[in-house]
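Q: Structure for this input, please:
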Amino acid sequence: MHIGVDSRTGLAHSAVVTAANVHDKHPLPNLLHGNEQRVYGDSAYASQKALIQTKAPKAKDFTNQRVRKAGENR
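A: I've put the predicted structure just below:
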């Protein structure tokens, strides 16, 4: 379950249920209503900067970014 929550009031404004084999980033468009001031999320949303800017243009992106340690290859 993915839930969109107002960071000031703590009230849920949207929810999306997916199967376990659906990546966490896919429900994001359905969680954003467009008037967000801030977007928080784990590193699953790190690759979604353009989507966040499109769906929530006023929002600051506070999603956790993936950090690579020196010498780590992927």
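Q: can you give me the strands in the protein?
A: 2-5, 12-16, 38-41, 60-63 (DSSP state E).
Q: contact partners of the helix ranked longest in the chain?
A: Assignment by DSSP state H gives helix 49-55 as the longest helix of the chain. For helix 49-55, contacts defined as C-beta atoms under 8 Å, 6 or more residues apart in numbering pick out 28-29, 32, 34, 39, 45, 59, 61, 63. Glycine gets a C-beta too; all of them are placed from N, C-alpha and C.
Q: State the pLDDT value of G71.
A: Looking at G71, its pLDDT stands at 66.
Q: Could I get the CA-only coordinates of the longest helix of the chain as CSV?
A: What follows is helix 49-55, C-alpha atoms only, in CSV (Å, rounded to 0.1, in the frame of the first residue of the first chain):
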residue,chain,number,x,y,z
LYS,A,49,12.5,13.9,-10.4
ALA,A,50,11.0,14.8,-13.8
LEU,A,51,7.7,13.2,-12.8
ILE,A,52,7.6,15.0,-9.5
GLN,A,53,8.3,18.3,-11.3
THR,A,54,5.5,17.7,-13.8
LYS,A,55,2.8,16.4,-11.4
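Q: For the chain, give me the ranges with low pLDDT.
A: Along the chain, segments meeting pLDDT under 70 span 68, 71-74.
Q: mind redoing it with 80?
A: The model of the chain has pLDDT under 80 over residues 65-74.
Q: quick one: buried residues of stretch 39-46?
A: If you call a residue buried by 16 or more other C-beta atoms under 10 Å, then stretch 39-46 has these buried ones: 39, 41, 44-45.
Q: hmm, which two among those are most spread apart?
A: Pairwise distances among the buried residues of stretch 39-46 were taken by C-beta to C-beta; the largest, 12.6 Å, belongs to V39 and A44.
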